[in-house]
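S.K.: A predicted structure for the sequence below; I have some questions about it.
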Amino acid sequence: MLFKKQITLALVAAVTVGASSAQNATAPDDSDVVQLNGETFQKFVDENPLVLAEFYAPWCGYCKSLAPEYVQAAAELKDKGIPLAQVDCTKDQQLCMEMEIRGYPSLRIFKDGKTDDSLEYKGGRTKDDIVKFMVKQNEPAVLVLNEKTAAEDLKKVLKEAGSAVIVDGGVKGFNSTFYEVAGSQRTFFTFVQNQNGDGKLKIYLQGEEDPIVYDGEDLDVQHFTEWIAVQSVPFFGDVDADTYERYLAAQVPMAYFFYTSKEERAEWEPTYKKLAKQYRGLINFVGLDTARFGKHADALNMKQQFPLFVIHDFRNDSKFGMPQLTEEEFKAAGQKETLKEKDVSKFVKDFLDNKLEPIVKSEDIPETQLTNVYKLVGKTHQELVHDPTKDVLVEYYAPWCGHCKRLAPTYEQLADVYASDEDAKDKVLIANIDFTENDVSGVHVEGFPTIVLYPAGKDSEPQYYDSTRSLESFFDFILEKGNNKIDGKAIKERLDNAEALDEDEEVEIEEPAVPEPEEEDVKITVTKNEEDDEQDAENSDDGEYKWSADEL
């Protein structure tokens, strides 16, 4: 069972999908949505230079909600020569596997017949959103302004654009780079070129009069793209499921302001805009509506006491929160936290000056280690995995993970082998940590269990384990990737030989002087329920069997 824990926001709105069970996810036969399958798909995208295809399942609630909007969008886009299609993944599993479809609905944009280079649609799910997005895809990536009407045309673009507008004012030697980046970023931004402009590169943000001017030295594709990622986000905007990835792309820490009302947000907006302009490129400031996303405070290791200000540094997954009240104090304050502008400003400055300690979610440090598998917690993880004297193997697990449960006996045996040897026990540590209860930085966990070896030495890089979970494979991995070069197989062989010698020793037992009285045989029969056994083997994560005593 895989468990995704990326640097992602718990943006789950407190609303449910409003699709009626009677709503059909499949577009009606008389609609303009084209039904495709494995045999017709490639031919269709070859014949149409721009296609939006929905990969769906008939039972999917989100697909049912999308259906009427998708049908209306198809009708409007038909006249513009942009077809919309559907692929039922329950009928065409092979095609959906080839397209690497991982969830429903998945909307993909195909251009010029290129099925291996599709673009994922991440826009809104209304008819107007879909139409506007697809029409833009069909237009040139760059809007070139007319020399005579450039000023007026730019004003019109800025007024109508629904996103940041990037303007090339005739930068020397920049034409090909501008067009290349525009081609890949046109989905998110509007690119405008004025060859007779002021020779500067600018970004205009929605609602802001003054543009942001590029002041870097290098203007290659990489630097231009990175500049757009940082400068294109609002100075203070709300973050949600649609905008979150844009903030992630900026690769700078995010400061969240959890607000309880529109009035509260409006009151604080000038403060956060001022801070955002002061620290542009170092930290982004965003608002979160507590009615929809209040639970995200839990993911940031903070209590749901609002209004709330907290900083999340994605680069190492560290969280920094302002001091909070006790539950008693919060109740006495009328279930309302108090923030002061000067405190927020100082907190931001202290964060950027590295004066703050992160909030680390951690279980209590165990007083004693109960087995040879060393139990790590958030407070001890960094110190122990970076012990320069030891090769440290760590299993990152979840208590509910069936694969982790099945691994446990092998993992315990692995730890026992190294612990049995006087030399090895000081050079190899077998450990684990509950990833659901402890914050851990510097490790990439995408599924459970994730197993990582931290080789001895100061500058060693973590080594991720991706082989079979057998004792022999672990021995080979630690020997090959570890810096202490401890041979676990050799230790295991010595243990096995010692046990064999113990079993071969003869022990002389004297016969009792008085014979034992004879007893009647007692027959005990325990029957294994075969149906339960088969069902458990297929469905149970931990593979436990149910037994029943039929006769005693």
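M.R.: Yep, it's here. Numbering: from 1, shown residues only.

S.K.: What is the neighbour count of residue 345?
M.R.: Look at residue 345: counted by other Cβ atoms under 10 Å, it has 14 neighbours. C-beta here means a position set from N, CA and C on the backbone, and glycine is covered the same way.

S.K.: ignore the last one, residue 117
M.R.: Burial measure for residue 117: 9 neighbouring residues, criterion other Cβ under 10 Å.

S.K.: Now for it: which residues touch it?
M.R.: residue 111 (Cβ atoms under 8 Å, 6 or more residues apart in numbering).

S.K.: Assumed it was part of a strand.
M.R.: No - counting by DSSP: H, G, I helix; E, B strand; the rest coil, one finds residue 117 to be coil, located in no strand.

S.K.: What separation is there between it and residue 195?
M.R.: 30 Å (Cβ to Cβ, to the nearest Å).

S.K.: Now the terminal residues of stretch 344-364, how far apart.
M.R.: 31 Å (Cα to Cα, to the nearest Å).

S.K.: ok, and what's touching it?
M.R.: 253, 255, 271, 275, 279, 282-283, 300-302, 309, 311, 313, 318-322, 377-379, 434, 437-439.

S.K.: which parts of that stretch are buried?
M.R.: Buried residues in stretch 344-364, defined by neighbour count with 16 or more other Cβ atoms under 10 Å: 344, 347, 348, 351, 356, 358, 360, 361, 362.

S.K.: Excluding chain neighbours, give the residue nearest to the last one in space.
M.R.: Meaning residue 362. In this structure, residue 362 finds its nearest non-sequential neighbour in residue 378, 3.0 Å apart by Cβ to Cβ, 6 or more residues apart in numbering.

S.K.: now that neighbour: how far from residue 299?
M.R.: If you measure residue 378 against residue 299 using Cβ to Cβ, the figure is 15 Å.

S.K.: quick one: which of the contacts of stretch 344-364 sit in helices?
M.R.: Secondary structure from DSSP state H places 271, 275, 378, 379 of these in helices.

S.K.: Show me which of those are buried.
M.R.: Those of the ones in helices among the contacts of stretch 344-364 that meet the buried threshold are 271, 275, 378, by 16+ other Cβ under 10 Å.

S.K.: can you tell me which residues contact residue 83?
M.R.: Per Cβ under 8 Å, 6+ apart, neighbours of residue 83: 32, 34, 44, 48, 51, 52, 74, 77.

S.K.: Go through these and say which is closest to residue 189.
M.R.: Using Cβ to Cβ, residue 52 is the member of the contacts of residue 83 that sits closest to residue 189, with 19.7 Å.

S.K.: per-residue confidence at the closest one?
M.R.: The model reports residue 52 with a pLDDT of 97.

S.K.: Could you confirm it falls within a strand?
M.R.: Yes - residue state for residue 52 (three-state DSSP) corresponds to a strand.

S.K.: Which residue is the nearest non-sequential neighbour of it?
M.R.: residue 84 (5.0 Å).

S.K.: just checking, that neighbour touches residue 74?
M.R.: Yes - Residue 84 lies in contact with residue 74 (Cβ atoms under 8 Å); the separation is 3.9 Å.

S.K.: Now the common contact residues for the two.
M.R.: 32, 33.

S.K.: Now do the same contact list for residue 43.
M.R.: Per Cβ under 8 Å, 6+ apart, neighbours of residue 43: none.

S.K.: Make 4 the starting number, not 1.
M.R.: Renumbered: residue one is now 4, and that last one reads residue 46.

S.K.: which element is it on?
M.R.: Using DSSP states H and E, residue 46 sits in helix 44-50.

S.K.: Just the buried residues of that helix, please?
M.R.: Under the neighbour-count criterion of 16+ other Cβ under 10 Å, helix 44-50 has 44, 47, 48 buried.

S.K.: Check stretch 300-307 too.
M.R.: For stretch 300-307, the neighbour count (16+ other Cβ under 10 Å) marks 300, 303, 304, 305 as buried.

S.K.: out of the residues you listed, what pair is the most spread apart?
M.R.: Top of the distance list for the buried residues of stretch 300-307 (Cβ to Cβ): 300 and 304, 8.6 Å.

S.K.: per-domain residue ranges of the protein.
M.R.: Here the domain parsing of the chain from automatic domain parsing is 37-140, 145-234, 239-355, 377-502, 523-555.

S.K.: export the ones you listed to a markdown table and tack on distance to residue 26?
M.R.: A markdown table is the format used below for the domains of the chain (distance: least, Cβ to Cβ, whole Å):
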| stretch | distance to residue 26 |
| --- | --- |
| domain 37-140 | 4 |
| domain 145-234 | 29 |
| domain 239-355 | 22 |
| domain 377-502 | 33 |
| domain 523-555 | 31 |
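
S.K.: These: which one's closest to residue 370?
M.R.: Short answer: domain 377-502, nearest of the domains of the chain by Cβ to Cβ, at 10.9 Å.

S.K.: I'd like the average pLDDT over the closest one.
M.R.: Mean pLDDT, domain 377-502: 95.

S.K.: what sits against the closest residue to residue 361 other than its chain neighbours?
M.R.: Excluding its sequence neighbours, the residue lying closest to residue 361 (Cβ to Cβ, 6+ apart) is residue 321, at 4.0 Å. By Cβ under 8 Å, 6+ apart, residue 321 lies in contact with 315, 361, 444.
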